[in-house]
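**Student:** one predicted model, sequence on top.
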Amino acid sequence: MGRVFTYQTYVRILLTAGLDVSGALTTLIYYKKPGGTIDSVPATVSDPTTGVMFYDVEPDSSGNSDFFDEVGTWKFWTWVEFADGRTARGETVTKTIYDHEDVC
């Protein structure tokens, strides 16, 4: 990801779990906002053998997105659940989200 601004759309959050996620039941990307809120979005797996997965921030029907709604340092990590009950958490990646009013 390059520089990302609040309320920006068409952003791909791309992370690597660092393990083979073939056959995983659940693949998520968790995020922690600067204010402390933790949530997750479903992740699409693009390379199961290396655990590469992504989430695309898309606009809603009116062309907007409120996904990146806070300025500051965000944290992202992968989470995988397998059929046998095993779970795995990827390494945390940080990304600064800038104020959309400050695009210069």
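**Tutor:** Okay, I see it.

**Student:** could you list the low-confidence segments of the protein?
**Tutor:** 1, 103-104 (pLDDT under 70).

**Student:** which is the next helix or strand following the longest strand along it?
**Tutor:** Using DSSP state E to define each element, the chain has its longest strand at strand 72-81. Once strand 72-81 ends, the next helix or strand along the chain (criterion: DSSP states H and E) is strand 87-89.

**Student:** for the helix or strand following that next one, buried residues please.
**Tutor:** Using DSSP H and E, the next helix or strand after strand 87-89 towards the C-terminus is strand 93-98. By 16 or more other CB atoms under 10 Å, the buried positions in strand 93-98 come out as 93, 95, 97. For glycine as for every other residue, the C-beta is placed from the backbone atoms N, C-alpha and C.

**Student:** got it, and stretch 46-62?
**Tutor:** Under 16+ other CB under 10 Å, the buried positions of stretch 46-62 are 48, 51-53, 55, 57.

**Student:** cool, and stretch 70-90?
**Tutor:** 71, 74, 76-80, 90.

**Student:** show me what contacts I97?
**Tutor:** 4-6, 34, 68, 70-74 (CB atoms under 8 Å, 6 or more residues apart in numbering).

**Student:** one more time with 7 Å
**Tutor:** By CB atoms under 7 Å, 6 or more residues apart in numbering, the residues touching I97 are 4-6, 68, 70-72, 74.

**Student:** now those as JSON lines including distance to L28?
**Tutor:** Output for the contacts of I97, formatted as JSON lines (distance: CB to CB, whole Å):
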{"residue": "V4", "distance to L28": "20"}
{"residue": "F5", "distance to L28": "24"}
{"residue": "T6", "distance to L28": "23"}
{"residue": "F68", "distance to L28": "18"}
{"residue": "E70", "distance to L28": "20"}
{"residue": "V71", "distance to L28": "24"}
{"residue": "G72", "distance to L28": "22"}
{"residue": "W74", "distance to L28": "15"}
